[in-house]
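Peer 1: sequence and predicted structure, then a few things I'm wondering about:
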Amino acid sequence: MELEGKVAAITGGTRGIGRAIAEAFVAEGASVVLNGRSPHKGQQALDEMGAGDQAIFLAGDVKTRQDCDALVDKAVDHYGKIDIMVCNAGGSTGAAPVAEMTDDAVQDALLWNYWHTFWCMRKSLGYMIPQQSGRIINISSIEGKAGKPAVSHYVANKHAINGLTKSCAVEVGTLGITVNSLCPGAIETDVMKSEGPGAAEAMGMSYQGLLDWFASEAATKRLNEVEDVALVATLLASEAGAGITGSLINVDGGTLPY
């Protein structure tokens, strides 16, 4: 029970990586507040998790500052504090080369990825700094360290999140607060299934060809699973992760060499 007595808020917590992290945290004794846009999916996630009083759901769209703030406040109002902020929500729509990408696609990615992460970090730090403890875990991507065609808006935001992570870690390093980014490789989440075909088409390949390409880039020659990311997030959230901050940690099966 590495996280017994801890309270976490998780954006995009009803599916994919966020859901896996929520389940891992609950298994280690934490209480979690899940965010998602669909009340139906939120209730379904709670029912399937069977976590009882250890998990609640708050509907909201993290592309707005108000809903990011509300998530953090909900954790404090319901459980009395917030110890762990997981900024997991993110993605992109409108895959296209830079020369053809629309302003709307770029703005949507900016809100969904960078701004949501910034808003949740800022709000949670308002509680963590006075209590002199906390963990912020940003779910970035290996695309935050390298480039990929047709998704420059997504790539640029993940680079920005990694810079935000490193700067904030320096600011709060003496206050008992750690700030890290996890950089997963390709995982076939619901977002990948919905957005991957468009990206594949823009790159001149089939969706299955895209998945095969991602797998071929990894040392393990397979796609990662959401549970792989959840296990590392649990380490960072625990006391075992107290000495890790300002880090951009790959969970990519050996896709990137740095």
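Peer 2: Received, thanks.
Peer 1: what are the ranges of the helices in the stretch 51-200 of the chain?
Peer 2: Taking DSSP state H, counting those that start in this stretch, the helices of the stretch 51-200 of the chain run over residues 65-79, 103-109, 116-131, 152-171, 190-202.
Peer 1: how far off centre is the fourth one?
Peer 2: Spelled out, it's helix 152-171. Chain-centre distance of helix 152-171: 12 Å, with CA atoms, centre = their mean, to the nearest Å.
Peer 1: between the helices of the stretch 51-200 of the chain, which one is nearest to Asn88?
Peer 2: Nearest of those to Asn88, taken as CB to CB: helix 116-131 at 9.3 Å. Where you see a C-beta, it was placed from the backbone N, CA and C, and this is true even at glycine.
Peer 1: which helices and strands sit right next to the closest one?
Peer 2: Counting contacts by 3 or more CB pairs under 8 Å, 6 or more residues apart in numbering; DSSP states H and E, helix 116-131 packs against helix 65-79, strand 84-87, strand 134-139, helix 152-171, strand 177-184.
Peer 1: pick the most buried one from these.
Peer 2: Highest mean neighbour count of those: strand 84-87, a mean of 29 (counted as mean count of other CB atoms under 10 Å).
Peer 1: C-alpha coordinates for that one, CSV please?
Peer 2: These are the backbone C-alpha positions of strand 84-87, laid out as CSV (Å, rounded to 0.1, in the frame of the first residue of the first chain):
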residue,chain,number,x,y,z
ILE,A,84,-0.9,13.8,-6.6
MET,A,85,-1.9,15.6,-9.8
VAL,A,86,-1.8,13.5,-12.9
CYS,A,87,-2.2,15.6,-16.1
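Peer 1: list the strands paired with that strand, with their directions.
Peer 2: Strand 84-87 sits in its sheet next to strand 7-10 (parallel), strand 134-139 (parallel), going by DSSP bridges.
Peer 1: just the endpoints, please. Distance across stretch 214-227?
Peer 2: Stretch 214-227 has an end-to-end distance of 18 Å (CA to CA, to the nearest Å).
Peer 1: can you name the residues in contact with it?
Peer 2: With contact meaning CB atoms under 8 Å, 6 or more residues apart in numbering, stretch 214-227 is reached by 16-17, 19-20, 24, 184-189, 211, 251-255.
Peer 1: thanks again, I'm all set now.
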